[in-house]
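Asks: Here is the input, now give the coordinates:
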Amino acid sequence: MDDLARIAALHGVASTYRPAEDVTVEVPEETVRAVLRLTGALPAEDPDDLRSLADSGERRRAERLLPPTLVHWSGEPAPPALAALPPGTRLRVTPEGGAGEVDWGPEPAHGVHRLTATAPDGRTAGATLIVAPGRAPAAPERAHGLLVQLYSLLSERSWGMGDLADLAELARWAARTHGAGFVQVNPLHAAVPGAPTDPSPYRPASRRFPDPVYLRVEDVPEHAHHPDREALDALAARGAELRHEVLEKGALIDRDAVWALKREALELLYAVPRTAVRDAAYREFLAEQGPTLELHALWCAGAAGEEPERADFHAWLVWLTDGQLRAAQEAARGAGMSVGIVHDLAVGVHPEGSDARLPGLYARNISVGAPPDAFNARGQDWGLPPWRPDVLEGLAYEPFRALLRGVFRYAGALRIDHVMGLFRLWWIPEGTPPAEGAYVSYDGEAMLAVLVLEAHRAGSVVVGEDLGTVEPGVRDALARRGILGTSVLWFERDWAGDGEPLASGAWREDCLATATTHDLPPTAAKLAGSHVELRDRLGLLTRPLETEGAEDAADTARWLEELDRLGLDTKGEEAAVTALYTFLLRTPARLVGVWLPDAVGDRRPQNLPGTWDQYPNWRLPIADASGRPLTLEALTASPRANALLSAVREGAQTRTAPPSARAL
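Replies: Next up is the predicted model:
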């Protein structure tokens, strides 16, 4: 496979990978061939042609004046490729936006520009030049906050699932009562309609545009001017019935039923003539979003079985949702939050969604996932098509830039799911087992520069979800550019030593630290071991229950012993939960997040990896320790929730600021 490996290397396709320092795994040759064919990089099959193709590709790379993309970090030396140019080469820059060409200067302005090099012998070359600040914006201060799946947070006014007004209210309460600096939510991307709709927020139709199912209908300005109050009140009453079914009768959150009601109400409001001011704002939004919104709205109309003329209704829904998202951020900041709403950017999109219809951008017959690891010996297939790195580079990263600009509009911070995907993704050709995929590289420096540039323009913090297998050097690169990582308590061990819990002072500073996530057991379940019993009931264990349970109990006991050693009270479930979060506050982590279900003793995970219809993933309301669903109002009045969050606030006020914060 030598010649094939050479071709693969030219196109960023790895023919081997290392799941551990002392282990190298060979990628099946057919996988390498399949990936190269699907990206158009392998037109030949004959070995002689492969050698010729590899030779010519390596020759072209060696002879080129410039690589396709250059990154210049402000305040740092010019890109190394410029120093390698022949003496006397002239460099001209066409600034972002296309304004007049200028000579290269010592410190180009921030932006994505076009660089042209002309060598003394007449050769010319062009490249995308990304000029970015050295670091993304830092969190204004060390802060604590809440982590919540918005759909699970029902108020006494919501229609069967949490909405954006509920988010604003939660943020105001968390800030004013408990000094919280942020609220992190699940991805609010547009969903793919279905029967039923896939409830996972991590497999959306579009990452670029939000989902109108989260709208608070009564907060749409046209609601106050609709002449048929009886019709709107009747729909609100049906929404209350959906809420009652979930909160009082134990029904699962039914996104499709909620959307059917909201859509009927929004159709009524769409018919209300907009004021001149509102109409002008809408037209401005359409112009700003351009053809991408047009394509998305047309796709929405088609997916709903409607005529193309109905696309304007779907574009209007995007505009309304954008407005309520920004209102939630304004409410959070107005209540005193230093960061505000932290939005979540999913790693990919549904293969049948609107984003995947963008011509040529997504690789067809390919899915991304993860190779075998300690958590899944068979690997994972997420069913998400990847961006083609060559097409993305040829478009000067505009799709990524537009995606970030859209989400940053209403985000105080952005969490990047599987942030390692900026550097490489595990590609799985159709019909291939997940374990037999291959890593395909992206220009990580360019992707990172675009992220930092757009975060800087928006003034938003960036948090990367860097759990699991991480390529060497990636965490260092992220930290160097001000991207916070994610540290989950149960995974933080002294892996270089005896594997015992990592001492609080040894944790990294540049991270969001938390006790659990949406994919892990709530803390009460972890302490009780009930999550192991749940997995056993669903047939997910690979070893006997007694073995798994004993190992998990020993793991939990080690952490409780560490807390006891520090003098923290762990007697009883509530005390132990408080002690774990108190421990997090003693680490240097810049951000500490409290999983909101932990505040009320909820034992049910929101998502149980490895299940589909065996478990109600993404459809559970927040509940108390007995499993009784709670409204937002009941949660904010809960003695247990207020006791934990008061302890967190007290711990946050007394903890020592990290060195970088003391220096500011």
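
Asks: Phi, psi for the most far-flung residue of the chain relative to its centre please.
Replies: Farthest-out residue of the chain from its mean C-alpha position, per Cα atoms, centre = their mean: residue 121, at 47.3 Å. With angles defined as degrees, to the nearest 10, residue 121 sits at phi -90, psi 10.

Asks: wait, isn't it in contact with residue 87?
Replies: No. Counting by Cβ atoms under 8 Å, residue 87 is not a contact partner of residue 121; they are 11.4 Å apart. No exception for glycine: its C-beta is placed from N, CA and C like everyone else's.

Asks: tell me which residues in stretch 645-658 are buried?
Replies: Neighbour counts over stretch 645-658 (16 or more other Cβ atoms under 10 Å) mark 645, 647, 648, 649, 651, 652, 655 as buried.

Asks: again, but for stretch 627-641
Replies: Here stretch 627-641 shows 629, 630, 631, 632, 634, 635, 636, 638, 640, 641 as buried, counting by 16+ other Cβ under 10 Å.

Asks: which helices and strands sit right next to the helix or strand containing residue 534?
Replies: Element membership of residue 534 [criterion: DSSP states H and E] is helix 530-537. Under the contact criterion of 3 or more Cβ pairs under 8 Å, 6 or more residues apart in numbering; DSSP states H and E, helix 530-537 touches helix 545-565.

Asks: could you give the mean pLDDT of whatever helix or strand residue 332 lives in?
Replies: Assigned by DSSP H and E, residue 332 falls within helix 311-334. For helix 311-334, the mean per-residue pLDDT is 98.

Asks: Tell me the helix or strand right after it.
Replies: Downstream of helix 311-334, the first helix or strand assigned by DSSP H and E is strand 340-345.

Asks: Could you give me the buried positions within the helix or strand that that next one is followed by?
Replies: Using DSSP H and E, the helix or strand that follows strand 340-345 towards the C-terminus is strand 366-370. By 16+ other Cβ under 10 Å, the buried positions in strand 366-370 come out as 366, 367, 368, 369, 370.

Asks: My guess is the last one contacts residue 384. True?
Replies: Pointing back at residue 370 there. No. In this structure residue 370 lies outside contact range of residue 384 using Cβ under 8 Å: 11.5 Å.

Asks: circling back to that earlier point, hmm, who's touching the helix holding residue 534?
Replies: With contacts defined as Cβ atoms under 8 Å, 6 or more residues apart in numbering, helix 530-537 is touched by 521, 525, 541, 545, 548, 549, 552, 603, 605, 608.

Asks: Let me see the contact set for the first one.
Replies: Taking Cβ under 8 Å, 6+ apart as the definition of contact, the neighbours of residue 521 are 530, 531, 603, 605.

Asks: and the closest residue in space to residue 446 that isn't next to it in sequence, what pLDDT?
Replies: Setting aside the residues directly before and after it, residue 446 is nearest to residue 69 in space (Cβ to Cβ, 6 or more residues apart in numbering), at 4.7 Å. The model reports residue 69 with a pLDDT of 98.

Asks: Bridge partners for residue 69, pull those for me.
Replies: Here residue 69 sits in beta bridges with residue 128, going by DSSP bridges.

Asks: Touching, it and residue 131? I think so.
Replies: No. Counting by Cβ under 8 Å, residue 69 stays clear of residue 131, with 11.8 Å between them.

Asks: Just the mean pLDDT for stretch 108-125, thanks.
Replies: Stretch 108-125 shows a mean pLDDT of 96.

Asks: same question, stretch 147-154
Replies: Stretch 147-154 shows a mean pLDDT of 98.

Asks: Quick one, which of the buried residues of stretch 645-658 has the minimum pLDDT?
Replies: Within the buried residues of stretch 645-658, residue 655 has the lowest pLDDT, namely 66.

Asks: quick one: contacts for the residue nearest to residue 446?
Replies: Residue 69 makes contacts with 127, 128, 129, 130, 393, 396, 397, 443, 446, as judged by Cβ under 8 Å, 6+ apart.

Asks: What residues sit buried inside stretch 429-441?
Replies: Buried residues in stretch 429-441 (16+ other Cβ under 10 Å): 429, 432, 434, 435, 436, 437, 438, 439, 440.

Asks: Strands of the stretch 351-500 of the chain, residue ranges please.
Replies: Using DSSP state E, counting those that start in this stretch, the strands of the stretch 351-500 of the chain run over residues 366-370, 380-384, 413-416, 424-429, 438-441, 461-464, 485-488.

Asks: Of all those, which one is nearest residue 405?
Replies: Closest approach to residue 405 among the strands of the stretch 351-500 of the chain is made by strand 413-416 (11.3 Å; Cβ to Cβ).

Asks: what packs against that closest one?
Replies: When contacts are defined as 3+ Cβ pairs under 8 Å, 6+ apart, strand 413-416 packs onto strand 182-185, strand 340-345, helix 398-408, strand 461-464.

Asks: quick one: contacts of the last one?
Replies: What that stands for is strand 461-464. With Cβ under 8 Å, 6+ apart as the contact definition, strand 461-464 has outside contacts at 136-139, 339, 342, 412-416, 419, 451-452, 455, 478, 482-486, 512, 591.

Asks: Now restrict those residues to buried residues only.
Replies: Listed as buried from those are 136-137, 139, 339, 342, 412-416, 419, 451-452, 455, 478, 482-486, 512, 591; burial here means 16+ other Cβ under 10 Å.

Asks: Can you tell me the closest non-neighbouring residue to the residue farthest from the centre of the chain?
Replies: Excluding the flanking residues, the one nearest residue 121 by Cβ to Cβ, 6+ apart is residue 86, at 7.4 Å.

Asks: who touches residue 254 in this structure?
Replies: 160, 242, 245, 619.

Asks: can you do 7 Å?
Replies: The neighbourhood of residue 254, defined by Cβ atoms under 7 Å, 6 or more residues apart in numbering, consists of 160, 242.

Asks: Please apply the same query to residue 221.
Replies: Listed by Cβ under 7 Å, 6+ apart, the contact set of residue 221 reads residue 278.

Asks: please renumber so the chain begins at 557
Replies: Yes, from this point I'll number from 557; that puts the last item at residue 777.

Asks: Against residue 877, how distant is it?
Replies: 14 Å (Cβ to Cβ, to the nearest Å).

Asks: so what pLDDT did the nearest residue to residue 808 once chain neighbours are set aside get?
Replies: Of all residues not flanking residue 808 in the chain, residue 1175 sits nearest, at 4.2 Å (Cβ to Cβ, 6+ apart). Looking at residue 1175, its pLDDT reads 97.

Asks: likewise residue 777?
Replies: At residue 777, pLDDT is 96.

Asks: follow-up on the earlier one: can you lay out the strands of the stretch 907-1056 of the chain as TSV showing mean pLDDT and distance to residue 854?
Replies: Conversion of those to TSV gives the following (pLDDT from 0 to 100; distance: least, Cβ to Cβ, whole Å):
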stretch	mean pLDDT	distance to residue 854
strand 922-926	94	25
strand 936-940	92	22
strand 969-972	98	27
strand 980-985	97	28
strand 994-997	97	30
strand 1017-1020	98	32
strand 1041-1044	97	37
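
Asks: In the protein, where is pLDDT below threshold?
Replies: Applying pLDDT under 70 to the chain flags the ranges 557, 600-602, 930-931, 1211-1220.

Asks: How is it partitioned into domains?
Replies: The record assigns the chain these domain ranges, following automatic domain parsing: 558-619, 642-688, 699-709+719-744+885-903+951-975+1001-1219, 760-871.

Asks: Which parts of the stretch 657-806 of the chain are helices?
Replies: Applying DSSP state H, counting those that start in this stretch to the stretch 657-806 of the chain gives helices spanning 720-734, 785-805.

Asks: Quick one: closest of those to residue 871.
Replies: helix 720-734 (18.4 Å).
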